[in-house]
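Visitor: next comes the sequence, and after it the predicted model I'd like to discuss.
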Amino acid sequence: MSAIEGYDTEQTRRMLLLSGGGKDGNISVTFSEDNLKLKGDFYPPSPGGQPLKTEQIAEALARINVVHGVLWENITQAVTDCNVNRRLIRDITMARGNPPVKEIQEYFQMNPKLKPEALAPQGDEQLDYRSISPFIIVKKDQALAKRKSHKDGQNGKDIHGVEIPYGTVRPEGVSGGENTRTDETYIYSEINGQLIEDKGVLNIQDNLVIKGAVDYRTGHIVFPGDVHIEGPVKDGFKIHSGGSVTIKQTFDVTDVNTKKDLTVSGGIIGRGHALVKVGGELKTKFLENCRAACRNNISVDADIVNSSVYTMGKIEMSDKGMILGSEVYAVKGIRTGGIGKKTGKSSKIHCGVDFTALQEQEKYNGELRIIAARLKKLRELLSAEKEEQPELEKGSPAEVRRKQMEEALIQLEESQKQITAKASAVLARLHADENAVVEVLMEIAPGTLIEICKIALFVTEPLKHVRIRLDRAQGRLVCEPLKS
């Protein structure tokens, strides 16, 4: 037997390796398209035919120029199995070349944990979809990308011994942009903010701009810097900002907490349990059905309706602005168009008082009431026991119990002293501004309560164009005509 003559590696991809009688054993070989692999099907000899021999196979492989990566162990095992067991052995790898190893150029690979698909929660049936955000928020000094070192390439060799040159891979890496820094290993964020990738450049924005509405497409907004929202905010979505928040349309508020200012062009509407906390100034068109606490001044163009409002500054409203069915705490006073209507829920106005101190005082008073009740009950129990059993045997269970009660009594009395001291300290800062005034351009309706530094005026008749201030010498509130 000999190799088939006229073999052309470019044109023939499958062929019989050996030639001889029709009864002799033979091998059908197949070349891979890249000439990196040769596979064979081993056919056993028929009765009276010649078996396969490794010497003949070696000569045949040389004739078809298979000179590199010949796997003789595979070939020998297949020949033995085929000859002895007289069965067809298929798909044996007879030779394998060495593929080239590509050169990989140096690049920065983006942190895979910062990609949107990595941030999305997985497999939670109870998932609140409002908690899913499309924005990538990073912290200062957080690693954004890691440098991948250059890797050398290596030439390959096919089964014909022909060298295959290696190629070069230029990965689509990233580079540092605005508010980032780069060292030998990483790209870092220089600030807290939103990560934006633009054509492979990583930029960090210190503000978040939302072109449309805040809804299920955006999820809750939690951002360390300023937030600008050009659409409305739907009910049920929270906004927490480490900077200022600006909303161009109506704010259907559920929970908002800003470290700096809150500006709402379209007004704020709550559902009775809505909470607004502002670390700076609050400016809005109107305020309805919510609880709002603000560190600085509050400006309202129209009305405050059915709300509880707290500010350490002053409330400024338009000449026609109304306070309706609301309770308002404003340390430095109020200027508004009117307060209350002849019908409907009355309003309560508290000025000059630090509402945080007032809340602390109420907390301490509640604790003192609880302690006083416990002390009374404990003293009554001790008194009754001493009347029944003036003398107790030393070490008896009754004596141990009485000592425990006496120790509890001492602890409660000590707690009462400490809380009383705290409550007294709070009183010192309760009256924050005795110069606070309430100015009303139109009318204060009957039923309205006005307080300045805990001194009250209950309005029984309409008051128009009035300025109300505290006369500390007389210990009462006085009403003066409001100068235009």
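Guide: Noted; the coordinates are in hand. Numbering: from 1, shown residues only.
Visitor: show the pLDDT at Thr12.
Guide: At Thr12, the predicted lDDT confidence score is 46.
Visitor: can you check Lys483 too?
Guide: The model reports Lys483 with a pLDDT of 76.
Visitor: same check on Leu477?
Guide: Note on Leu477: pLDDT of 92.
Visitor: just confirm it is within a strand.
Guide: Yes: the secondary structure assignment for Leu477 places it in a strand, going by DSSP: H, G, I helix; E, B strand; the rest coil.
Visitor: make residue 1 into 68 and carry on from there
Guide: With 68 as the first residue, the last one maps to Leu544.
Visitor: need the contact list for the nearest residue in space to it that is not next to it in sequence.
Guide: Distance criterion Cβ to Cβ, 6 or more residues apart in numbering; nearest residue to Leu544, sequence neighbours excluded, is Leu524 at 4.3 Å. In short, each C-beta sits where N, CA and C put it, glycine included. Under the criterion of Cβ atoms under 8 Å, 6 or more residues apart in numbering, the contact partners of Leu524 comprise 516-518, 535, 543-544, 546.
Visitor: out of those residues, who's nearest Val133?
Guide: Proximity of these to Val133 was ranked by Cβ to Cβ; the top entry is Glu518 with 102.2 Å.
Visitor: ignoring the adjacent residues along the chain, who's closest to the closest one?
Guide: Using Cβ to Cβ, 6+ apart and skipping the chain neighbours, the partner closest in space to Glu518 is His417 (4.6 Å).
Visitor: per-residue confidence for Arg157?
Guide: On the pLDDT scale, Arg157 gets 94.
Visitor: least trustworthy helix or strand in this protein by mean pLDDT?
Guide: Of all helical and strand segments in the chain, the minimum by mean pLDDT, DSSP states H and E falls on helix 183-186, at a mean of 54.
Visitor: for Arg536, which non-adjacent residue is closest in space?
Guide: Counting by Cβ to Cβ, 6+ apart, Arg536 lies nearest to Val504, which is 4.7 Å off, once chain neighbours are set aside.
Visitor: from Lys399, how far out is the one you found?
Guide: Counting by Cβ to Cβ, to the nearest Å, the gap from Val504 to Lys399 is 9 Å.
Visitor: quick check: neighbours shared by the two?
Guide: Cys418.
Visitor: just give me the neighbour total for the nearest residue to Lys387 once chain neighbours are set aside.
Guide: Sequence neighbours aside, Gly404 is the residue nearest to Lys387 in space, at 4.6 Å (criterion: Cβ to Cβ, 6+ apart). Other residues lying near Gly404 total 17 when counted by other Cβ atoms under 10 Å.
Visitor: cool, and Ala341?
Guide: Other residues near Ala341 come to 21 when the count uses other Cβ under 10 Å.
Visitor: domain-wise, how is the chain divided?
Guide: 81-163, 170-222+229-272, 275-422+501-548, 428-492 (automatic domain parsing).
Visitor: which of the ones you listed sits most buried?
Guide: Here the criterion is mean neighbour count by mean count of other Cβ atoms under 10 Å, and of the domains of the chain the winner is domain 275-422+501-548, at a mean of 19.
Visitor: thought Ile306 was touching Thr285?
Guide: No: counting by Cβ atoms under 8 Å, Ile306 does not reach Thr285; the two are 10.0 Å apart.
Visitor: got the contact list for stretch 263-272?
Guide: Residues contacting stretch 263-272 (Cβ under 8 Å, 6+ apart): 177, 205, 211-212, 239-247, 254, 256-258, 260-262, 292.
Visitor: residue ranges with poor pLDDT in this structure?
Guide: Applying pLDDT under 70 to the predicted model, the residue ranges of the chain that meet it are 68-79, 87-88, 183-198, 409-410, 551.
Visitor: so which residues of it form helices?
Guide: 121-130, 139-152, 183-186, 422-455, 464-495 (DSSP state H).
Visitor: so which of those helices comes closest to His217?
Guide: Nearest of those to His217, taken as Cβ to Cβ: helix 183-186 at 26.5 Å.
Visitor: separation between the residue nearest to Arg536 and Ser413?
Guide: Using Cβ to Cβ, which is the criterion applied here, Val504 is 21 Å from Ser413.
Visitor: give the contact list for the nearest residue to Ile124 once chain neighbours are set aside.
Guide: The shortest distance from Ile124 to any residue other than its chain neighbours is 6.2 Å, reached at Ile142 (Cβ to Cβ, 6+ apart). With contact taken as Cβ under 8 Å, 6+ apart, Ile142 is in contact with 107, 121, 124, 159, 161.
Visitor: do Leu508 as well
Guide: By Cβ under 8 Å, 6+ apart, the contact list for Leu508 reads 386, 402-405, 532, 549.
Visitor: tell me if I'm right that Phe109 and Ile94 touch.
Guide: Yes: distance between Phe109 and Ile94: 5.5 Å, which falls inside the contact criterion (Cβ under 8 Å).
Visitor: which neighbours do those two have in common?
Guide: The contact sets of Phe109 and Ile94 overlap at Leu119 (Cβ under 8 Å, 6+ apart).
Visitor: I figured Ile231 hits Lys224, correct?
Guide: Yes: using Cβ under 8 Å, Ile231 and Lys224 qualify as a contacting pair, with a distance of 6.5 Å.
Visitor: next, show the common contact partners of the two.
Guide: Taking Cβ under 8 Å, 6+ apart as the contact criterion, the common neighbours of Ile231 and Lys224 are Gly164.
Visitor: center of this protein, which residue is that?
Guide: Here the mean C-alpha position of the chain is nearest to the C-alpha of Val289 (Cα atoms, centre = their mean), at a distance of 6.2 Å.
Visitor: with adjacent residues omitted, what lies nearest to that residue?
Guide: Once flanking residues are discounted, Val289 sits nearest to His307: 4.8 Å by Cβ to Cβ, 6+ apart.
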